[in-house]
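Undergrad: below are the sequence and a predicted model for it; my questions follow.
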Amino acid sequence: MLYNITKPTTVSGITPVEQEMIDDLWNVYTSKLTRNTLKHKYYHGKNLLKDLGISIPPPLRNIETVVGWPAKAVDYPAARSTFEGFVFDNGENKLLNDIIKRNRLKVLYKQATKSELTNSCMFWTIDRGIDGEQSVVISSYSALFAAALWDYRKKRIKCGMSVIDIDKHGKATWINIYTDDAILQLKRAGNNRFVCTRLPNEQGIPLMVPMMYNPSLDRPFGNSRISRAVISITDSAVRQALRTEVSSEFFTAPQRYVLGADDDLFKNKDGTEMPKYLAYMASFLAITANENGDIPQAGQFPQMSMQPHNDYMRLLASRFAGETNIPISSLGVIHDNPASAEAMYSAKEDLVIDVNDMNASNGEALETLGRLALAIAQDKTINDLTDEENSITAKFKNPATPSIVSQADGVVKIASAVPGFGETDVALEELGFNQEQIKRIKNDKRLVEGKRLTDQAVAEERARVATRQGQENG
């Protein structure tokens, strides 16, 4: 849905510089909105057929045909990017862990990556909680409801905007503007007239953090997985799917012919034209001689093959796989022979590299978000954070998702070469255990170790008592 989010014509309580900033943000937002909406439609399979007007009969062009490859281009890498939390030099931070849980950040990250991959970027915002909310509120916005300007010198956003709320007609009622020193809350007070409430920002950077997929110098806000190549291939696939659907009707109904038959043979008793499908559906066909006494001859054209359609769809799937680094088997193309484990890993290797790069970029954004959360929760600035708090690192699950057997084998080999590695949390993480499981394992290990030491102490004491009694009796 393309919302009717129009630019505020009148905003009271802002400076001319801030008005110019709002104008620039709105120009960026509106210039990207049409394209972002188009990508959103392709992701949800709502893109329209782009008919070439040659092979598809007009009555059949309205058949709904959907090819879900754009969603696969987004969901496949998103499923392999799993945010597991933050770690510090001395372990974890209880305050930040509480903020993550209260804001459901791990769940939000999964949703955020899909928006990031669809539109090339998404935006996190952070603020103090109000009216009984948690101390820090973290929100996420897709490019359909947010925009930002890039500061090339500072290598971060200069300012940003997000649409917080809309009415039932799709019109914005609350818009936030994020700057280095304030959050400007623009709330509608009339017909496209807004009033600004200024909230101070002591952090020195906008309380808005972007996540960008595959950014570059000329495109700092990244590139979409639903690229022009993906859109073009999907359009071809939709046309081919419809052609295949139309051809399958003829494939199941072989074309027959009758030579030398009277026209009355294909008419009803009342003289009206007989529907042509009845001639095909009849269990038998009785044909009499024509007016010249000749016996009509019936025959059947050779049945068409669906193989050319299947081959072309396989070709499109191969092109799509090449553009997105998604294994062709994940696009519904079945190989004649099962692929080996090495071939399957090789097919995913390029995608794993892409996801590793995405995790590195997203991790930097999440670390900035984590520092801001710690600073706001403690009523200080990010410049006042301790060295321990600044050592924050975002942790992600291995996107290669190796089997448990291969993971265990790799950990055993590393542990044999690096003394003490097997006793670390990293070893347990490499084995696929999450943080909750690692805590339980370590707690259970301490309990078992404590019981072992207690039993050992009791046994030693009993031995000493027995020895002493033996000496006294002797």
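TA: Yep, that arrived.

Undergrad: what about Ser139, how many residues nearby?
TA: 16 (other Cβ atoms under 10 Å). All C-beta spots, glycine's among them, are computed from the backbone N, C-alpha and C.

Undergrad: mind listing the residues bridging to it?
TA: Applying DSSP bridges to Ser139 yields these beta-bridge partners: Thr125.

Undergrad: how near is it to Thr179?
TA: 17 Å (Cβ to Cβ, to the nearest Å).

Undergrad: ok, Thr73 to Gly370 distance?
TA: That one is not Thr; residue 73 is Ala. Distance of Ala73 to Gly370, computed by Cβ to Cβ: 29 Å.

Undergrad: show me which of the two is the more surrounded one.
TA: Neighbour count, other Cβ under 10 Å: between Ala73 and Gly370, Ala73 has more, with 28 against 25.

Undergrad: how about the most centrally placed residue in the chain, phi and psi?
TA: The centre of the chain sits closest to Lys114, judged by Cα atoms, centre = their mean, with a distance of 2.5 Å. Per-residue torsions, Lys114: phi -70, psi -40 (degrees, to the nearest 10).

Undergrad: part of a strand, is Cys147?
TA: For residue 147 the amino acid is Ala, not Cys. Yes. Using DSSP: H, G, I helix; E, B strand; the rest coil, the secondary structure at Ala147 is a strand.

Undergrad: check contacts around it.
TA: By Cβ atoms under 8 Å, 6 or more residues apart in numbering, the contact list for Ala147 reads Leu25, Trp26, Val28, Tyr29, Lys32, Gly160, Met161.

Undergrad: can I take it that the second one is in a helix?
TA: Yes. Secondary structure of Trp26, determined by three-state DSSP: located in a helix.

Undergrad: how about it: what's its closest non-neighbour residue?
TA: Once flanking residues are discounted, Trp26 sits nearest to Lys7: 4.6 Å by Cβ to Cβ, 6 or more residues apart in numbering.

Undergrad: can I get the contacts of Ala147 in TSV with distance to Phe86?
TA: Shown next, in TSV, are the contacts of Ala147 (distance: Cβ to Cβ, whole Å):
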residue	distance to Phe86
Leu25	30
Trp26	35
Val28	31
Tyr29	31
Lys32	31
Gly160	23
Met161	28
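
Undergrad: can you tell me which of these lies nearest to Gly363?
TA: Gly363 has its nearest neighbour among those in Gly160, at 20.3 Å by Cβ to Cβ.

Undergrad: got the domain ranges for the protein?
TA: Under the assignment automatic domain parsing, the domains of the chain span 1-48+72-227+333-401, 229-331.

Undergrad: in terms of mean pLDDT, which of those ranks lowest?
TA: Mean pLDDT is lowest for domain 229-331 out of the domains of the chain, coming in at a mean of 72.

Undergrad: can you give me the end-to-end span of that domain?
TA: The straight-line separation of the ends of domain 229-331 (Cα to Cα, to the nearest Å) is 16 Å.

Undergrad: can you tell me the element Val137 falls in?
TA: Using DSSP states H and E, the element containing Val137 is strand 136-142.

Undergrad: and that strand, how far out from the chain middle?
TA: Distance of strand 136-142 from the chain centroid (Cα atoms, centre = their mean, to the nearest Å) equals 17 Å.

Undergrad: and stretch 320-340, by the same measure?
TA: 20 Å.

Undergrad: equivalent analysis for stretch 363-376, please.
TA: On Cα atoms, centre = their mean, the centre of stretch 363-376 falls 22 Å from the chain's centre.

Undergrad: quick check: buried residues in it?
TA: Residues of stretch 363-376 classed as buried by neighbour count (16 or more other Cβ atoms under 10 Å): 363, 365-376.

Undergrad: can I get those residues in TSV including distance to Asn201 and secondary structure?
TA: Shown next, in TSV, are these (distance: Cβ to Cβ, whole Å; DSSP: H, G, I helix; E, B strand; the rest coil):
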residue	distance to Asn201	secondary structure
Gly363	24	helix
Ala365	18	helix
Leu366	20	helix
Glu367	19	helix
Thr368	14	helix
Leu369	15	helix
Gly370	17	helix
Arg371	14	helix
Leu372	10	helix
Ala373	14	helix
Leu374	16	helix
Ala375	11	helix
Ile376	10	helix
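
Undergrad: for these, give me TSV that also has distance to Ile231.
TA: Converted to TSV, those look like this (distance: Cβ to Cβ, whole Å):
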residue	distance to Ile231
Gly363	29
Ala365	27
Leu366	30
Glu367	33
Thr368	32
Leu369	31
Gly370	36
Arg371	38
Leu372	36
Ala373	37
Leu374	41
Ala375	42
Ile376	40
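
Undergrad: what's the farthest-apart pair in those?
TA: Spanning the widest gap among these are Gly363 and Ile376, at 20.3 Å by Cβ to Cβ.

Undergrad: max pairwise distance over the contacts of Ala147: which two?
TA: Greatest spatial distance in those: Lys32 and Gly160, 13.3 Å, computed using Cβ to Cβ.

Undergrad: what's the neighbour count on Pro220?
TA: Pro220 has 17 neighbouring residues, counting by other Cβ under 10 Å.

Undergrad: for the stretch 351-474 of the chain, which segments count as strands?
TA: Ranges of strands in the stretch 351-474 of the chain, per DSSP state E, counting those that start in this stretch, are 393-396.

Undergrad: again, but for the stretch 151-300 of the chain
TA: Secondary structure of the stretch 151-300 of the chain (DSSP E, counting those that start in this stretch): strands at 156-166, 172-178, 182-188, 193-200, 208-212, 256-259, 297-300.

Undergrad: ranking those by burial, who's on top?
TA: Comparing the strands of the stretch 151-300 of the chain on average neighbours per residue, with mean count of other Cβ atoms under 10 Å, the densest one is strand 208-212 at a mean of 26.

Undergrad: in its sheet, what does that strand sit against?
TA: Partners of strand 208-212 in its sheet, by DSSP bridges: strand 121-128 (antiparallel).

Undergrad: report the angle between the partner strand and strand 172-178.
TA: For strand 121-128 against strand 172-178, the angle by axes from the mean of the first three to the mean of the last three Cα atoms, to 10 degrees is 90 degrees.

Undergrad: what lies in contact with strand 121-128?
TA: Strand 121-128 has contacts (Cβ under 8 Å, 6+ apart) with 112, 115-116, 135-143, 146, 148, 160, 162, 176, 178, 183, 199, 207-213, 221-222, 365, 369, 372-373, 376.

Undergrad: go on, stretch 372-392?
TA: Contacts to stretch 372-392, defined as Cβ under 8 Å, 6+ apart, come from residues 86-90, 93, 95-96, 99, 126-128, 135-136, 138, 202-205, 207, 209, 367, 370-371.

Undergrad: cool, stretch 98-106 as well?
TA: Residues contacting stretch 98-106 (Cβ under 8 Å, 6+ apart): Phe83, Glu84, Gly85, Phe86, Gln134, Ser135, Val136, Val137, Ile138, Ala373, Ala377.

Undergrad: could you dump the residues you listed to TSV with distance to Phe194?
TA: Converted to TSV, the contacts of stretch 98-106 look like this (distance: Cβ to Cβ, whole Å):
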residue	distance to Phe194
Phe83	35
Glu84	41
Gly85	38
Phe86	37
Gln134	28
Ser135	28
Val136	26
Val137	22
Ile138	25
Ala373	29
Ala377	30
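
Undergrad: identify the farthest-apart pair in those.
TA: Farthest apart among the contacts of stretch 98-106 - using Cβ to Cβ - are Glu84 and Ser135, which lie 22.8 Å from each other.
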